[in-house]
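Undergrad: sequence unknown, structure follows:
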């Protein structure tokens with residue numbers, strides 16, 4: 001790359017969320033890919049000096065690699081928008097919408113995409129109405145197995161698969177450790193797939209779906225980020241028509257939520273080939289074991305080229 005074509009890019013990584021270590025790994029991988037093409041990259045923490053630094057240095061674009069609330073709840077993106085700094089990823093409003101799993105499920109369901117039946121319960125509901133009566137009502141309407149998860153957050157932190165009714169109270173406590181609102185969702189039996197979506201201005205494109213098969217038990221935090229604990233199949237071991245349905249559901253969810261540049265949509269494909277939407281991630285993991293880099297590689301694209309293309313798209317969007 002000629003020197004005049006090089007961009008000045010700030011990669012944000014780290015932060016104070018539960019996913020800090022994963023963010024640091026993602027940020028390093030993004031920086032390496034961009035530097036391999038000759039771009040000038042600075043890796044920064046989102047600390048008290050960040051906004052002043054950006055105001056003084058005026059980089060061409062910011063590439064957030066921040067997982068968890070520090071990068072995905074929309075707050076930092078709102079500040080970058082106010083400061084007039086182009087950044088890769090979804091806008092503030094779209095990020096805030098996708099960050100809330102219950103809200104995202106509602107929007108995606110209205111777009112005609114299947115999503116498991118669920119109930120959303122703030123912690124205050126248990127205090128006001130009593131835990132025993134609340135859980136009895138839930139179990140009167142939902143059969144196990146169930147999935148209990150924080151209404152916000154990622155990397156499967158605070159997520160429990162409940163296979164017996166007596167496990168539900170503990171699952172609620174674990175979910176409330178990570179958020180004040182929990183989502184109880186009917187568990188769909190089937191193949192777990194994740195679809196990376198790229199969107200640089202010409203509409204969302206689904207990359208080859210990745211099938212997820214943990215070696216033992218559910219797809220936990222450790223199974224996601226420790227090599228050798230999960231088998232990934234790219235593309236997923238699904239027939240062509242099902243792959244088309246999965247890809248269509250992922251791009252439709254991305255569009256319905258108003259996402260931009262990149263996302264990862266997680267789904268379950270049931271025995272009838274129907275894809276069920278679980279959640280959308282506005283900043284997927286980009287570590288060496290993460291799904292999106294695997295999907296990018298399977299599509300024949302170079303990681304560095306994709307990251308640079310997203311940076312260029314962010315600059316172009318800011319200039320509109």
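TA: Sure thing, it's come through. Please read all numbers here as calculations on a predicted model, not as lab measurements.

Undergrad: The stretch 51-200 of the chain: strands as residue ranges?
TA: For the stretch 51-200 of the chain, applying DSSP state E, counting those that start in this stretch gives strands covering 61-64, 118-122, 146-150, 160-162, 181-186, 191-199.

Undergrad: contacts for the last one?
TA: Looking back up the chat, that one is strand 191-199. Here strand 191-199 makes contact (Cβ atoms under 8 Å, 6 or more residues apart in numbering) with 204-207, 209-213, 219, 236-238, 246-247, 249-251, 254, 259-269, 275, 284, 291-292, 295-296, 306, 310. Every C-beta, even on glycine, is put in place using the N, C-alpha and C of the backbone.

Undergrad: Dump the strands of the stretch 51-200 of the chain into TSV; add distance to residue 112 as well.
TA: TSV is the format used below for the strands of the stretch 51-200 of the chain (distance: least, Cβ to Cβ, whole Å):
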stretch	distance to residue 112
strand 61-64	31
strand 118-122	17
strand 146-150	22
strand 160-162	27
strand 181-186	19
strand 191-199	17
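
Undergrad: can I get the ones you listed in JSON lines with mean neighbour count?
TA: Conversion of the strands of the stretch 51-200 of the chain to JSON lines gives the following (neighbours: other Cβ atoms under 10 Å):
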{"stretch": "strand 61-64", "mean neighbour count": "25"}
{"stretch": "strand 118-122", "mean neighbour count": "18"}
{"stretch": "strand 146-150", "mean neighbour count": "23"}
{"stretch": "strand 160-162", "mean neighbour count": "20"}
{"stretch": "strand 181-186", "mean neighbour count": "22"}
{"stretch": "strand 191-199", "mean neighbour count": "24"}
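
Undergrad: sorry, back to before: mind checking which of the contacts of strand 191-199 are buried?
TA: For the contacts of strand 191-199, a neighbour count by 16 or more other Cβ atoms under 10 Å gives the buried set as 204, 206-207, 209-212, 219, 236, 238, 246-247, 249-251, 254, 259-269, 275, 284, 291-292, 295-296, 306, 310.

Undergrad: So which of the residues you listed are in strands?
TA: Counting by DSSP state E, the part of the buried ones among the contacts of strand 191-199 found in strands is 206, 210-212, 261-269, 275.

Undergrad: By pLDDT, give me the weakest of these.
TA: Model confidence across those bottoms out at residue 212, which has 93.

Undergrad: Show me what that residue is bridged to.
TA: Going by DSSP bridges, residue 212 is paired in beta bridges with residue 192, residue 232.

Undergrad: show me what contacts it?
TA: Residue 212 touches 192, 193, 194, 219, 230, 231, 232, 291, counting by Cβ under 8 Å, 6+ apart.

Undergrad: tell me the least confident of those?
TA: residue 219 (53).

Undergrad: Now the residue nearest the centre of the chain. Its backbone dihedrals?
TA: For the chain, residue 281 is the residue whose C-alpha lies nearest the centre (Cα atoms, centre = their mean; 1.9 Å). Main-chain torsions, residue 281, degrees, to the nearest 10: phi -110, psi 120.
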